[in-house]
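Participant: I need the structure of the sequence given here:
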Amino acid sequence: MYEDNKDAGFVVLGFPCNQFGAQEPGSDEQILEFARANYEVSFPLFSKVEVNGDAAAPVYDWLKSEQPGDGDSPDIAWNFTKFLVDREGDVVKRYEPMTTPEEIAAELTQYL
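Facilitator: Numbers count the residues shown, from 1 in each chain. As a prediction, the model looks like this:
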C-alpha cells in the first residue's frame with residue numbers, strides 16, 4: 001500500500017510496541033532488520049514506543065483522543081491498530097488490528 005501510493009504523498013509511519021505479548025522484544029535496530037528482511041518494510045519505522053498507560057507516546061495519546069474506537073476504553077487492544085490521518089492532520093479513522101491494508105487502500109482514494 002505504501003509503495004503503491006507514496007508518490008501521491010501517502011506515508012505509513014510504523015511504531016513498534018512491545019506491550020502486546022512481547023512481540024517486539026528486540027532493539028530498534030533488530031526490529032528494523034526483522035521488518036525489512038521478513039516483510040520488505042520500506043516506510044519509516046520509528047523507535048519502539050508504548051501506546052497505552054502512563055508512558056504512552058504523546059502521538060498515541062493524541063490519536064486515541066481523536067479516534068477512541070468502539071470499545072469501553074480508547075486503549076489500543078492489540079498490535080497493528082492503524083489510524084488514517086488526512087493531509088490537514090485530522091485523524092479521520094481508526095482501524096482495528098484485523099483490518100487489512102487492502103481494505104484500507106480501498107478508502108484511500110478520497111484522501112490522496
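Participant: For residue 60, list the residues it contacts.
Facilitator: Counting by CB atoms under 8 Å, 6 or more residues apart in numbering, residue 60 makes contact with 15, 49, 50, 51, 52, 76. Using the backbone N, CA and C atoms, a C-beta is placed for each residue, glycine as well.
Participant: For the residues you listed, give me TSV that also has neighbour count.
Facilitator: Output for these, formatted as TSV (neighbours: other CB atoms under 10 Å):
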residue	neighbour count
15	18
49	17
50	15
51	20
52	18
76	23
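Participant: can you tell me which of the residues you listed are in strands?
Facilitator: Nothing among those maps onto strands, per DSSP state E.
Participant: List just the nearest of these to residue 40.
Facilitator: residue 15 (18.4 Å; CB to CB).
Participant: on that earlier part again, dump the contacts of residue 60 to TSV, plus distance to residue 35.
Facilitator: TSV is the format used below for the contacts of residue 60 (distance: CB to CB, whole Å):
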residue	distance to residue 35
15	12
49	15
50	19
51	17
52	21
76	19
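Participant: got those as JSON lines, with distance to residue 103 and pLDDT columns?
Facilitator: Output for those, formatted as JSON lines (distance: CB to CB, whole Å; pLDDT from 0 to 100):
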{"residue": "15", "distance to residue 103": "20", "pLDDT": "96"}
{"residue": "49", "distance to residue 103": "25", "pLDDT": "97"}
{"residue": "50", "distance to residue 103": "27", "pLDDT": "97"}
{"residue": "51", "distance to residue 103": "21", "pLDDT": "97"}
{"residue": "52", "distance to residue 103": "24", "pLDDT": "97"}
{"residue": "76", "distance to residue 103": "18", "pLDDT": "96"}
